[in-house]
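In: only geometry, no sequence info:
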């Protein structure tokens with residue numbers, strides 16, 4: 001499926017083709033806060049982080065779900081560091 005993501009390394013939106021499956025995606029239960037992480041997805045040597053309050057997933061290169069221990073809090077911190 002075609003998915004529009006924000007690529008902070010390039011500073012723009014891009015459209016990628018990705019399949020969200022149980023093998024490459026970790027979904028989190030909603031907490032109700034707009035900045036919570038909804039899911040993380042491994043994609044082509046990068047990590048897609050989807051937030052509840054975000055329009056587009058954020059693509060972060062050279063990181064995988066296993067490197068952040070499949071953890072919502074670590075994903076949120078990685079996202080914060082990337083976007084500052």
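Out: The structure has been received and is ready for your questions. None of the values given here were measured: they were computed from a predicted structure.
In: contact partners for residue 61?
Out: By Cβ atoms under 8 Å, 6 or more residues apart in numbering, residue 61 lies in contact with 9, 45, 46. For every residue, glycine as well, the C-beta is placed using N, CA and C.
In: shouldn't residue 82 be in contact with residue 6?
Out: No: when contacts are counted by Cβ atoms under 8 Å, residue 82 is not listed as touching residue 6 (10.2 Å).
In: overlap in contacts, the two.
Out: Overlap between the contact sets of residue 82 and residue 6, as judged by Cβ under 8 Å, 6+ apart, is given by residue 58.
In: and residue 77, which of the three is it?
Out: Following DSSP: H, G, I helix; E, B strand; the rest coil, residue 77 is assigned to helix.
In: picking that back up, now a PyMOL select for only the buried ones of the contacts of residue 61.
Out: A single PyMOL command suffices to select whichever of the contacts of residue 61 are buried according to 16 or more other Cβ atoms under 10 Å:
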select buried, resi 46
